[in-house]
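In: This is a predicted model, with the sequence first.
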Amino acid sequence: MKFDTVIIGGGLSGLTCGIRLMEQGRKCAIVSSGQSAIHFFSGSFDLLSRVNGQEVTNPLESIHSLPSEHPYQRVGQANIARLAEEAPQLLDRAGMVFAGTAKRNHFVLTPMGTMKPTWLTLDDFTSFAKNDKLPLSRATIVNLQGFLDFHTLFIKDGLTRYGVEVQVRNVAMAQFEAIRRNPSEMRSSNIAKVFDQGDALDQFAEKVNKLGKESDVIILPAVFGLFNTTVPAALKARINKPVVLLPAVPPSTPGIRCQIQLRQRFQELGGTHFLGDMVREGKFKGNRLRYVNTNNHGDIQLEADHFILASGSFYSKGIKAGPYGLFEPIFGLDVDGENEREKWFDKQVFNNQPYMHYGVRTDARFRPMINGQPVENLYAAGSVLAGSNPLKEGSGAGICLLTSLHVAEQILQDQDDEERYI
Amino acid sequence: MKKDTFEPYNISDNDFEQCVKCTICTVYCPVVLVNPDYPGPKQAGPDGERLRLKNPDYFDEEALKLCLNCKRCEVACPSGVKIGDVIQAARIKYGTKRPTLRDAIMANTDLVGTMASAFAPIVNTTVALKPVRQIMDKVLKIDHHRIFPKYSGEKFETWYRKHAAAKQDGFKKCVSYFHGCYVNYNFPQLGKDLIKIMNAAGYGVKLLEKEKCCGVALISNGLVKQAARQARHNVRALQKSIVENGHPVVSTSSTCTFTIRDEYPHLLGVNNEDVREQTELATRFLFRLIDGEKLQLVFKKNYSARVAYHTPCHMEKLGWSIYSTSLLQMIPGLELMQLDSQCCGIAGTYGFKKENYETAQGVGQPLFTQIEEADVDCIATDCETCKWQIEMSTTAKVKNPVAILADALDIEATQALWQQQ
């Protein structure tokens, strides 16, 4: 099977690469070993929230304080500034509306009742300009009876510190009795499925309106709109006070919706999406990757001019740690990181953990290497890259989106160069 | 550094230790959506398995029976856990209830098929009668909404021996055809279509030595010993064809293919190592030849159709819909649209059972809506039970991609291409 580009990994990074290349008329396939980390989406994409422990106001300006091996530094500040404008437009074309700018972080309320700086926020959620005070004085938090994945007392405690008067209320509805019978299945996605159809949303809004009469804002768990994209807007239209949705414990309802919208956009553009398949190995000729073999396709190879490795970090098994060191499991690419186990961890769990920085080593064009030699037509994007600590920096989604757009540009340029030679 | 071969130590064959309880499987379970009595794949699968290993009393037969075995949880799982296998293996290991008469009848497709074919006109008319369906509903608990697929008066195997067998020796290259029960007892035309295509492509088509039902319905209805017996028999027949005679095996049913390749070793413990790779769908076999520039198909110039492809669950699990859709897209006059892949709800015999009727129709509803909204001449799909379900639940006609290909193929022109060489 022949494609222009084969992308290994179907998460935020792989889908961004795929959509960008398909939009430019390249024929792409994505091989994804199951669903991705977008299912854990909080509703906001961070670009850069902290550098050296200090909160960042303007991510674009603060990039220069990052170490030189950081993916942002390697993409280049001017490129980051340009691509950071393009990313929300790509998401918008896929049907998702995000608010925010890379020039100035805004703030969102977290499920712990604290404020967190961020870059882009999905329109389900509420953006705040400041983090030292909230534009509200009385809030009603409404949860569904029996829903254990939304921790109302944390939120109440947090909001009280901002001087907000908070009441917590529960709503019981007959529509949820069936899923409540099994408390471990009273999960956000199952609740969202009930709200996706029928009249549950109307009844819920009616109850909430009664409970929230005295408040100037209603706080609800983000359990609206799983397969039905119209539900969040319908909810807000039916509730007569401003609604602030807060993420619940994953799987995230808005995250799954975004994953589906990204995948559909990729497929509508003509992309081929292989879900539940895994790349086993690749066949090289000199410094070029000729094709890859997958579990499902067996001897039928996936050939391409270019390949992108967007297989994620440790959690997604893009990088693995074995008893004898670190390795990249598909091609055996060079990994940036210590091989001695003792050096992986800092004993203080909240410190900057060395292993968080590990990933594949790439050249200036983001091409991974084997024994120090870059593979000519293989690129790496997203969390498989070395050189950052997404957790400490608040940079995970930004790295995925922006290195993916950058790598897509490298490939488009590469192809243009080749055509010029011909 | 060199690629490391270290793999975490597992005690199970289905990787249930790899479950991180992320719940993504439950999001994509079609049963959870419509039937709250089903605890969901995470609970029924890896979570329940932990408990069952402690104490088999935690096995809940009635709950686990609700699993369709569609494997959509496995396709979604980011950790590679074979959740569907965990659930089905638990039913096999801990199940105590004997199958009912109804389940035994529905599972024994070969026996029932042979008898019904012999009296096809009578059987077809009788089981379609409303009063008869009411009696089957009351007595056997087969839902009265269901209409059984018609039986053919002449079995495919009989037709093959009479009309096709002799010609097949004239080909240098050969494949064996695993026709399955549907082609043999209900719809021999699909088998005839396959022979037409393979012959045009330069391949003779043989039958396996005494093919038996793949056993999928036996597994799902708890007749595991019989399923394993049939599996062992079929593997021997496949070995004879593939290993001894060098004839790869093709099929026109995604579920038969999936069962032979994956359920035999995973659920029945029947080793199929030496035949698995060369047992596949005919569309994959043809795609490989065309992709490797070893075959060219020529299509009729005047063929025209608008077709929507439905990906059956086991096809989704195999990851092979690309082969069928790519072949269909090669037909110049054919306009193909892809339906958003969702379970149709029938799951073989599951949807025929009275107690599952509502769940089955609820599961299928989003697919039925898509189909009714699609402006197409027919639906294409590689699974016969999906075909029954869609035809029973919508106004659409459903065809196997092989039937469409056979219709559109210019036999003489295709043959001429390789005969010239």
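Out: Received the coordinates, thanks.
In: Pull out the buried positions in stretch A:373-390.
Out: Buried residues in stretch A:373-390, counted by 16 or more other C-beta atoms under 10 Å in any protein chain shown: A:374-375, A:377-390. (C-beta placed from N, C-alpha, C; glycine too.)
In: In those, find the pair that's most separated.
Out: Greatest spatial distance among the buried residues of stretch A:373-390 (C-beta to C-beta): A:Asn377 and A:Asn389, at 29.6 Å.
In: In terms of helices and strands, where is A:Leu326?
Out: Element membership of A:Leu326, judged by DSSP states H and E, is strand A:325-327.
In: any idea which helix or strand comes after that strand?
Out: For strand A:325-327, the following helix or strand on the C-terminal side (DSSP H and E) is strand A:335-336.
In: Not counting its neighbours along the chain, what's nearest A:Ile399?
Out: A:Pro71 (5.2 Å; C-beta to C-beta, 6 or more residues apart in numbering or on different chains).
In: May I have the phi/psi pair for B:Arg146?
Out: phi -80, psi 140 (degrees, to the nearest 10).
In: Nearest residue to it in space, please, no chain neighbours.
Out: Closest to B:Arg146 by C-beta to C-beta, 6+ apart is B:Phe352, at 5.1 Å.
In: so the one you found makes contact with B:Asp143?
Out: Yes: counting by C-beta atoms under 8 Å, B:Asp143 is a contact partner of B:Phe352 at 6.4 Å.
In: pLDDT wise, what is B:Gly222 at?
Out: Note on B:Gly222: pLDDT of 90.
In: Tell me, how many residues neighbour the closest residue to B:Phe187 other than its chain neighbours?
Out: Spatial nearest neighbour of B:Phe187, excluding adjacent residues (C-beta to C-beta, 6+ apart): B:Ser152 at 6.7 Å. Other residues near B:Ser152 number 21, with proximity taken as other C-beta atoms under 10 Å in any protein chain shown.
In: Is B:Ser152 within a helix or a strand, and which one?
Out: Counting by DSSP H and E, no helix or strand carries B:Ser152.
In: Under the pLDDT cut-off, which ranges of the stretch 1-150 of chain B? List them.
Out: Along the stretch 1-150 of chain B, segments meeting pLDDT under 70 span B:1-10.
In: what sits against the residue nearest to B:Phe187?
Out: B:Ser117, B:Ala120, B:Tyr185, B:Asn186, B:Phe187, B:Pro188 (C-beta atoms under 8 Å, 6 or more residues apart in numbering or on different chains).
In: okay, now the domains of chain A?
Out: Following automatic domain parsing, chain A resolves into domains at A:2-96+A:257-421, A:126-246.
In: what pLDDT, on average, does the first one get?
Out: So the one you mean is domain A:2-96+A:257-421. Within the predicted structure, the mean pLDDT of domain A:2-96+A:257-421 is 95.
In: just the last one next, same as before
Out: Averaged across domain A:126-246, the pLDDT comes to 94.
In: quick one: terminal-to-terminal distance for it?
Out: End-to-end span of domain A:126-246 (C-alpha to C-alpha, to the nearest Å): 9 Å.
In: for the residue nearest the centre of chain B, helix, strand, or coil?
Out: By C-alpha atoms, centre = their mean, chain B has its centre lying nearest to B:Thr255, at 1.6 Å. Using DSSP: H, G, I helix; E, B strand; the rest coil, the structure places B:Thr255 in helix.
In: Could you check how far it is from B:Tyr182?
Out: Distance of B:Thr255 to B:Tyr182, given as C-beta to C-beta, to the nearest Å: 9 Å.
In: between the two, what contacts are shared?
Out: With C-beta under 8 Å, 6+ apart as the test, B:Thr255 and B:Tyr182 both reach B:Glu384.
In: Run through the residues that contact A:Phe292.
Out: Small correction: residue A:292 is Val, not Phe. Neighbouring residues of A:Val292 by C-beta under 8 Å, 6+ apart: A:Val6, A:Ile8, A:Val31, A:Val279, A:Arg280, A:Glu281, A:Gly282, A:Lys283, A:Gln301, A:Leu302, A:Phe307, A:Ile330.
In: Of those residues, which is the most crowded?
Out: A:Val6 (30 neighbours).
In: where does that residue fall, phi/psi-wise?
Out: phi -110, psi 130.
In: for A:Gln167, same thing?
Out: Here is the backbone geometry of A:Gln167 (degrees, to the nearest 10): phi -120, psi 140.
In: Kindly report the same for B:Thr114.
Out: Dihedral angles of B:Thr114 (phi, psi; degrees, to the nearest 10) stand at phi -60, psi -40.
In: Then A:Glu177?
Out: Backbone torsions for A:Glu177, taken as degrees, to the nearest 10, come to phi -60, psi -40.
In: Any figure for the gap between it and chain B?
Out: The gap separating A:Glu177 from chain B is 9 Å, by C-beta to the nearest C-beta, to the nearest Å.
In: got it, and A:Leu401?
Out: Separation of A:Leu401 from chain B (C-beta to the nearest C-beta) stands at 20 Å.
In: Surely that residue touches A:Gln89?
Out: No: contact criterion C-beta under 8 Å: A:Leu401 and A:Gln89 do not qualify, at 11.3 Å.
In: thinking again about what came up before, and the residue nearest to A:Ile399, what does it touch?
Out: Applying C-beta under 8 Å, 6+ apart to A:Pro71 gives the contacts A:Leu385, A:Gly387, A:Ser388, A:Ile399, A:Leu402, A:Thr403.
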